[in-house]
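A.B. asks: sequence first, then the predicted structure, then my questions.
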Amino acid sequence: AGMPSPPMVQECGPALPSKEEIVRGLWEASAGRADLRLIKIWADSSGETADWLIDMADEQGIQVMVGRFSHFFSRPGVSPLCLDRTPVGCREADENDGELCLLLMIAKTAAKHGCDIRCGHAAERLIREESGRVTGVVARRQDGSYVRVNAAKAVILATGDYGMDDEMLKEYCPWTLGLPKLMLPTVTGDGHRMATWVGAKIEDGPHCTMLHFNSTNESPVVHWRPVGMLSHQAHLYVNKLGERIVDESLSHEFQANIVLRQPGKTYYQVFDAKSVDDSNCGDVDKCTLNGAVLRGATVEELAVKLGADPEVLQATIDRYNELVELGRDEDFGKDPQYMTLKVDTAPYYVCESPPDLLCTMGGIQRNLEGQVLDGDFKVIPGLYAAGNVAGGFWGDTYPMGVMGGIARSHALVFGRLAGVHAVELACDGADEALAGR
């Protein structure tokens, strides 16, 4: 049994697991590649980080919603998006974007305490003195000129991932090459490169990737999928050959690992006329016109458009309908509550569902305090890493099946801890050149 949910947590699923269960689950999801000590630090520090953010919100008069997100917290026949994806989000009366509100809230508090936030600057080089200490950064302004920023205490790299750099993907996450990307163009691994140029070690690959199924084959890719995000667990999915390959109710990271080993690194949601109504017919028609959805008056016609053997697709649909009628998935073990939708009413449709890359996670080796380590696993004085640029916390698959929102929480927790440690270390006058533990 899980621990009681905190009073501010909105309920839309089973009881929360215990902290020990989450820690163990995250470590096992990494196949033992994560540093269990880092996961424990995250678990022990998450509450105080949330309190820190909530106090900040209270000071600014911002309403706070503490929630949780997972595809396992959905009910049959409804969208799994039952809560805001941000573990700690805030909403002002005129602001519907909880993540943006959270960032603005932190920025406002930082500015209040004298933080100089410089937008439009691209960091390009770290400055490491002969003593071995990192003492600042060189950044390029929008007009092409450069500025040197000296660090009073330390430099904290929080530059995000490298998903837009195909060379780094080829080196550390080659299975993602060619997938649609749902990310900002600025995540090019610049922090990783700056760190290695001053001697930092990049953890051995493969690195962690976050893969979802939220796109269509439209160009440009859009961050939604017609009918796909609507009770996707209850639908039949097939590969390009027309074969069923997966329990459709699995969490996205498990599905992605299977789909990436299929022809074209994609699969297709199969649905029929029963799944098209006034709520989604406009989307279906639009995506049928641009090719994101294929439609056939018969299964045979649909198979021809898909490029699959009609006999194979028909056999797959017949078998799935048989299992729905039986109420038990004897082939892939899908939860019986999702075995509810036969595919038996013309016209028939498929919607292509390639995994899309949201981000990569990991890279720079760090110790438990967030200090960056060199190739000999010794601390590079004055340099920290936090968020998606930092390694040691992940395997090669994002553990959304354990608990959603971990990437955001990881960034918030370790970003704060790095700042606290840098200040305390500088104030104590400690020797940062000691090897990291």
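C.D. replies: Good, I have the coordinates.
A.B. asks: now do the strands in the stretch 151-300 of the chain.
C.D. replies: 155-157, 208-212, 236-238, 268-272, 293-296 (DSSP state E, counting those that start in this stretch).
A.B. asks: residue 48 and residue 109, how far apart?
C.D. replies: 16 Å (Cβ to Cβ, to the nearest Å). Quick note: C-beta positions are derived from backbone N, CA and C, even for glycine.
A.B. asks: same check on residue 329?
C.D. replies: In terms of Cβ to Cβ, residue 329 sits 50 Å off from residue 109.
A.B. asks: one more: residue 38?
C.D. replies: 26 Å.
A.B. asks: the two: which is more packed in?
C.D. replies: residue 38 (23 against 17; other Cβ atoms under 10 Å).
A.B. asks: mind listing the helices for the stretch 201-350 of the chain?
C.D. replies: 252-259, 281-289, 299-306, 310-326 (DSSP state H, counting those that start in this stretch).
A.B. asks: so residue 26 touches residue 401, yeah?
C.D. replies: No - Residue 26 lies out of contact with residue 401 (Cβ atoms under 8 Å); the separation is 10.4 Å.
A.B. asks: who has more neighbours, those two?
C.D. replies: Between residue 26 and residue 401, counted using other Cβ under 10 Å, the more crowded position is residue 26 (24 against 17).
A.B. asks: quick one: what helix or strand has that one in it?
C.D. replies: Secondary structure assigned from DSSP states H and E places residue 26 in helix 19-29.
A.B. asks: I'd like to know which elements that helix is packed against.
C.D. replies: helix 36-59 (3 or more Cβ pairs under 8 Å, 6 or more residues apart in numbering; DSSP states H and E).
A.B. asks: helix or strand with the lowest mean pLDDT in the protein?
C.D. replies: strand 88-91 (a mean of 40; mean pLDDT, DSSP states H and E).
A.B. asks: now do the following helix or strand past it: which elements does it pack against?
C.D. replies: Next in sequence after strand 88-91, counting helices and strands by DSSP H and E, comes helix 98-112. If you count contacts as 3+ Cβ pairs under 8 Å, 6+ apart, helix 98-112 packs onto helix 36-59, strand 88-91.
A.B. asks: tell me the most buried of the ones you listed?
C.D. replies: strand 88-91 (a mean of 22; mean count of other Cβ atoms under 10 Å).
A.B. asks: pull up the gap between the residue nearest the centre of the chain and residue 364, please.
C.D. replies: Residue closest to the mean C-alpha point of the chain, counted by Cα atoms, centre = their mean, is residue 210 at 4.3 Å. Residue 210 sits 18 Å away from residue 364, going by Cβ to Cβ.
A.B. asks: ok so, going back, among the strands of the stretch 151-300 of the chain, which is nearest residue 194?
C.D. replies: Proximity to residue 194 (Cβ to Cβ) singles out strand 155-157 among the strands of the stretch 151-300 of the chain, at 7.2 Å.
A.B. asks: quickly run through the sheet partners of the closest one, with directions.
C.D. replies: On the basis of DSSP bridges, the sheet neighbours of strand 155-157 come out as strand 379-385 (parallel).
A.B. asks: take the helices and strands packed on helix 98-112 and lay them out in CSV including distance to residue 141.
C.D. replies: Shown next, in CSV, are those (distance: least, Cβ to Cβ, whole Å):
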stretch, distance to residue 141
helix 36-59, 30
strand 88-91, 31
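A.B. asks: which of the ones you listed sits closest to residue 199?
C.D. replies: Using Cβ to Cβ, the helices and strands packed on helix 98-112 put helix 36-59 closest to residue 199, at 21.5 Å.
A.B. asks: got the angle for that closest one vs helix 19-29?
C.D. replies: Counting by axes from the mean of the first three to the mean of the last three Cα atoms, to 10 degrees, helix 36-59 points 120 degrees away from the direction of helix 19-29.
A.B. asks: list of residues touching helix 36-59?
C.D. replies: Residues outside helix 36-59 that contact it (Cβ atoms under 8 Å, 6 or more residues apart in numbering) are 19, 22-23, 26-27, 63-64, 66, 87-88, 90, 102, 105-106, 109, 368, 392-393, 409-410, 412-414, 416-417.
A.B. asks: rewinding a little: out of the helices and strands packed on helix 98-112, which gets the lowest mean score?
C.D. replies: With a mean of 40, strand 88-91 has the lowest mean pLDDT of the helices and strands packed on helix 98-112.
A.B. asks: right, and residue 411 touches residue 156 too?
C.D. replies: No - at 11.6 Å, residue 411 and residue 156 do not qualify as touching, with contact defined as Cβ under 8 Å.
A.B. asks: between the two, who's got more neighbours?
C.D. replies: Set side by side, residue 411 and residue 156 show more neighbours around residue 156, with 23 against 18, by other Cβ under 10 Å.
A.B. asks: distance check, the more buried one against residue 243.
C.D. replies: From residue 156 to residue 243 the distance is 48 Å (Cβ to Cβ).
A.B. asks: follow-up on the earlier one: quick check: neighbours shared by residue 411 and residue 156?
C.D. replies: Common neighbours of residue 411 and residue 156 (Cβ under 8 Å, 6+ apart) are residue 386.
A.B. asks: contacts only, for residue 32.
C.D. replies: Residue 32 sits in contact with residue 395, where contact means Cβ under 8 Å, 6+ apart.
A.B. asks: where does it land in three-state SS?
C.D. replies: With DSSP: H, G, I helix; E, B strand; the rest coil as the basis, the three-state label of residue 32 is coil.
A.B. asks: how about low-confidence regions in the stretch 201-350 of the chain?
C.D. replies: Where the stretch 201-350 of the chain drops to pLDDT under 70, the residues are 214-231.
A.B. asks: what comes up buried for stretch 104-123?
C.D. replies: 104-106, 109, 123 (16 or more other Cβ atoms under 10 Å).
A.B. asks: turn those into a markdown table, columns for pLDDT and distance to residue 141.
C.D. replies: A markdown table is the format used below for the buried residues of stretch 104-123 (pLDDT from 0 to 100; distance: Cβ to Cβ, whole Å):
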| residue | pLDDT | distance to residue 141 |
| --- | --- | --- |
| 104 | 86 | 23 |
| 105 | 88 | 27 |
| 106 | 92 | 24 |
| 109 | 94 | 26 |
| 123 | 95 | 11 |
